[in-house]
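Enquirer: Based on what follows, work out the 3D shape:
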Amino acid sequence: MDFGMGGWWAGADPTIQPRNPSGFFSAFFALSAVKSSGLKSPVDSQVISVLMRGMNLRPILLVLCLVGNVWLAVILFRHHSPAATASAVASEKISPVARKNNSTPTAAELAADAALLPLTNGADFSWSQFTLADYARYIKQLRAFGTPEPRVREIVCGAIDSVYRPRRAALMPPPKKADTEKFWARRNFYGYQNQQTKEQRTQMRALRKEETELVKSLFGADVYEQMAKDSLNNTGVDWTERQYGFLPKELREKVQEIEQDMGEDRQEIYALNDGDYQGQQEDERKLEKKYHDLLAKVLTPEQLTEWDLRHSQTANQLKNDLSAFDPNEDEFRALFKYKQAVDVLNPPRDPDADPVQPTAEERKAMAEKQKALDAELAQAVGTNRVAEYKLEQDYAFRSLIDAGVPKESVFKLADMKKEAESAAQKIKRDKTLSQDQKNEALAAIRNETQTSMGGLLDEKQLKRYMNQGGYWLNNIAPKLQPAPTQ
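Expert: Numbering: from 1, shown residues only. Down below sits the predicted model:
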């Protein structure tokens with residue numbers, strides 16, 4: 001059973017799981033009642049604070065259960081005495097709202113405390129027994145003990161998650177057992193999620209929505225924004241603001257609903273294509289256009305552009321491609337605009353349609369448009385940065401940078417490649433040289449270039465580059481094989 005001390009978003013230690021959570025909550029609500037009754041308890045909120053910090057709970061829980069049961073007996077005796085009854089009746093006239101920790105509880109509050117005790121006491125305790133009112137009362141008691149608000153959200157949301165987790169698991173089909181006899185059998189690349197039926201995926205989404213609405217009803221509509229701010233202590237980044245800060249709050253939920261619909265349809269595409277990557281890409285492009293049109297109906301053109309910059313497939317691919325380039329915001333916006341225009345100029349081919357070759361005029365027009373796009377990009381980010389961007393689209397060069405080779409060394413390597421290929425072309429076109437003379441000259445270019453490359457890269461890096469992108473050296477001249485030993 002989940003103790004509810006942490007949620008999947010909070011980074012709590014999942015290994016801290018007390019063996020008897022019901023005992024803790026029995027003691028907790030007993031101590032809560034002690035505090036409400038005005039009696040001075042030997043165990044105060046500092047003990048609860050220690051519990052929240054995830055210490056070794058077993059001995060502490062034992063002590064709390066014993067102390068809590070003793071003090072509960074004292075409280076119940078006092079509340080059944082004539083004086084306590086009169087006090088309880090009188091206190092019913094006092095509004096329970098914003099009651100101080102040391103003020104007299106109302107009869108309704110005392111009854112609520114007592115009602116929670118049998119729920120949380122015993123081996124059969126389950127969070128699923130809690131009603132909305134029980135959760136609200138639980139939250140109130142946590143706050144009364146001085147528990148910090150982020151920790152209150154963490155505890156309660158963890159408890160709620162423990163209720164919904166088995167229900168979500170019930171909607172997941174059991175994993176298919178691999179047939180160990182058939183080594184040739186293909187495994188589903190996308191995993192278990194695609195084995196769900198469409199009905200199961202619909203039920204899963206409804207269940208998540210139900211859980212979300214419950215959390216919002218307890219903590220307010222902006223609870224997830226608050227939890228995002230709570231996570232700043234760990235990451236330093238408010239993810240919600242970073243992704244949706246350009247939208248007014250009244251539009252965020254609508255946009256996120258559209259994104260959820262798109263995510264559901266994308267899961268359907270994964271299931272239907274079952275690893276057919278080319279067909280999947282085409283379906284995803286159609287899907288993105290469909291939902292992009294829906295977003296255009298609720299967002300202004302400026303807001304839609306900001307959404308594209310953060311959430312579109314083009315933006316996500318660009319972020320991966322620019323891992324070594326490290327652009328600033330203005331550069332990213334310019335490159336995004338450039339990439340969008342290039343994609344329009346060179347649309348992907350429909351895999352189900354026959355290829356159509358462009359005419360000479362069409363090719364000329366495309367080349368002119370490409371040249372204009374390149375000039376616009378150079379004006380926006382600078383000629384040197386454009387050259388760097390184009391260089392880093394070469395996988396072999398980008399791999400070197402990702403492996404820690406200084407960019408300056410990679411740029412020099414690219415210059416060597418250009419110079420060597422240019423020199424080789426001149427020799428190949430020289431009609432005054434015999435074929436043997438050409439071969440000798442080309443071999444000299446290759447050997448000299450490879451030696452210079454060894455001054456920029458260590459042995460391991462050079463070998464890696466030769467395997468990934470050094471084919472151009474073989475195009476200049478084949479590698480000389482060592483003479484066989486006698």
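Enquirer: all contacts plus neighbour counts: C-alpha atoms, from now on.
Expert: Noted.
Enquirer: So, low pLDDT: which residues of this protein?
Expert: In the predicted model, the chain carries pLDDT under 70 at residues 1-129, 175-180, 182-183, 185-195, 232-238, 273-278, 350-354, 480-486.
Enquirer: same thing but 80
Expert: For the chain, applying pLDDT under 80 flags the ranges 1-133, 173-198, 228-240, 267-268, 270-281, 323-324, 348-356, 479-486.
Enquirer: For residue 219, list the residues it contacts.
Expert: Applying Cα atoms under 8 Å, 6 or more residues apart in numbering to residue 219 gives the contacts residue 153.
Enquirer: Can you report phi and psi for it?
Expert: Note on residue 219: its backbone torsions stand at phi -120, psi -10 [degrees, to the nearest 10].
Enquirer: Could you check how far it is from residue 455?
Expert: 63 Å (Cα to Cα, to the nearest Å).
Enquirer: what about residue 214, which helix or strand?
Expert: Residue 214 belongs to helix 198-219 when assigned by DSSP states H and E.
Enquirer: tell me which strands and helices the next helix or strand after that helix is in contact with?
Expert: Scanning forward in sequence from helix 198-219 by DSSP H and E, the next helix or strand is helix 223-230. Contact partners of helix 223-230 among helices and strands, from 3 or more Cα pairs under 8 Å, 6 or more residues apart in numbering; DSSP states H and E: helix 149-170, helix 239-244.
Enquirer: what's the closest of the ones you listed to residue 291?
Expert: Smallest distance to residue 291 across the helices and strands packed on helix 223-230 (Cα to Cα): 17.0 Å, for helix 239-244.
Enquirer: Can you list the neighbours in contact with the closest one?
Expert: Here helix 239-244 makes contact (Cα under 8 Å, 6+ apart) with 225, 228, 252, 307, 310.
Enquirer: Leaving out sequence neighbours, find the closest residue to the third one.
Expert: In this case it means residue 252. Leaving aside its sequence neighbours, residue 252 sits nearest to residue 244 (Cα to Cα, 6 or more residues apart in numbering; 6.8 Å).
Enquirer: what's the answer for the last one, then?
Expert: Setting aside the residues directly before and after it, residue 310 is nearest to residue 243 in space (Cα to Cα, 6+ apart), at 6.4 Å.
Enquirer: Can you tell me how far that neighbour is from residue 408?
Expert: For residue 243, the distance to residue 408 (Cα to Cα) stands at 34 Å.
Enquirer: who touches stretch 251-265?
Expert: When contacts are defined by Cα under 8 Å, 6+ apart, stretch 251-265 is touched by residues 201, 244, 287, 288, 291, 294, 295.
Enquirer: any chance of these in JSON lines, with distance to residue 153 too?
Expert: Below are the contacts of stretch 251-265 laid out as JSON lines (distance: Cα to Cα, whole Å):
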{"residue": "201", "distance to residue 153": "28"}
{"residue": "244", "distance to residue 153": "22"}
{"residue": "287", "distance to residue 153": "36"}
{"residue": "288", "distance to residue 153": "35"}
{"residue": "291", "distance to residue 153": "33"}
{"residue": "294", "distance to residue 153": "34"}
{"residue": "295", "distance to residue 153": "32"}
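Enquirer: Can you select the buried ones among those for me in ChimeraX?
Expert: Here is the ChimeraX command that selects the buried residues among the contacts of stretch 251-265 (16 or more other Cα atoms under 10 Å):
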select :201,244,287,295
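Enquirer: can you list the contacts of stretch 251-265 in TSV and add secondary structure and distance to residue 155?
Expert: TSV is the format used below for these (DSSP: H, G, I helix; E, B strand; the rest coil; distance: Cα to Cα, whole Å):
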residue	secondary structure	distance to residue 155
201	helix	28
244	helix	27
287	helix	39
288	helix	38
291	helix	36
294	helix	38
295	helix	36
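Enquirer: what's the closest non-adjacent residue to residue 469?
Expert: Nearest non-adjacent residue to residue 469, counting by Cα to Cα, 6+ apart: residue 396, 5.0 Å away.
Enquirer: for residue 172, same thing?
Expert: Nearest residue to residue 172, sequence neighbours excluded (Cα to Cα, 6+ apart): residue 196, at 6.4 Å.
Enquirer: coming back round to it: neighbours of the residue nearest to residue 310, just the number please.
Expert: For residue 243, the neighbour count with other Cα atoms under 10 Å is 14.
Enquirer: surely residue 309 meets residue 319?
Expert: No - taking contacts as Cα atoms under 8 Å, residue 309 lies outside contact range of residue 319: 10.0 Å.
Enquirer: quick one, what contacts residue 378?
Expert: 385, 386.
Enquirer: give me the element residue 286 is part of.
Expert: Using DSSP H and E, residue 286 falls within helix 277-298.
Enquirer: So for the first helix or strand past that helix going along the chain, what gets flagged as buried?
Expert: Later in the chain than helix 277-298, the nearest helix or strand by DSSP H and E is helix 301-311. Neighbour counts over helix 301-311 (16+ other Cα under 10 Å) mark 303, 304, 306, 307, 308, 309 as buried.
Enquirer: And stretch 413-426, by the same measure?
Expert: Those would be 413, 416, 417, 420, 421, 424, for stretch 413-426 by 16+ other Cα under 10 Å.
Enquirer: what's the distance between the last one and residue 296?
Expert: Just to be clear, that refers to residue 424. According to Cα to Cα, residue 424 stands 53 Å off from residue 296.
Enquirer: ditto for residue 431
Expert: 62 Å.
Enquirer: So for these two, which residue has more residues nearby?
Expert: Taking other Cα under 10 Å, residue 431 and residue 296 do not tie; residue 296 has more neighbours (13 against 10).
Enquirer: Excluding covalently adjacent residues, which one is nearest to the more buried one?
Expert: With sequence-adjacent residues excluded and distances taken as Cα to Cα, 6+ apart, residue 296 is closest to residue 304, at 6.5 Å.
Enquirer: So what touches stretch 465-482?
Expert: Outside stretch 465-482, the residues within contact range by Cα under 8 Å, 6+ apart are 395, 396, 397, 400, 417, 421, 424, 439, 442, 443, 445, 446.
Enquirer: After the helix or strand harbouring the fourth one, which helix or strand is next?
Expert: Just to be clear, that refers to residue 400. According to DSSP H and E, residue 400 maps onto helix 395-402. Next helix or strand after helix 395-402 toward the C-terminus (DSSP H and E): helix 407-429.
Enquirer: C-terminal to that following helix, what's the next element?
Expert: Once the chain leaves helix 407-429, the next helix or strand it forms, by DSSP H and E, is helix 435-454.
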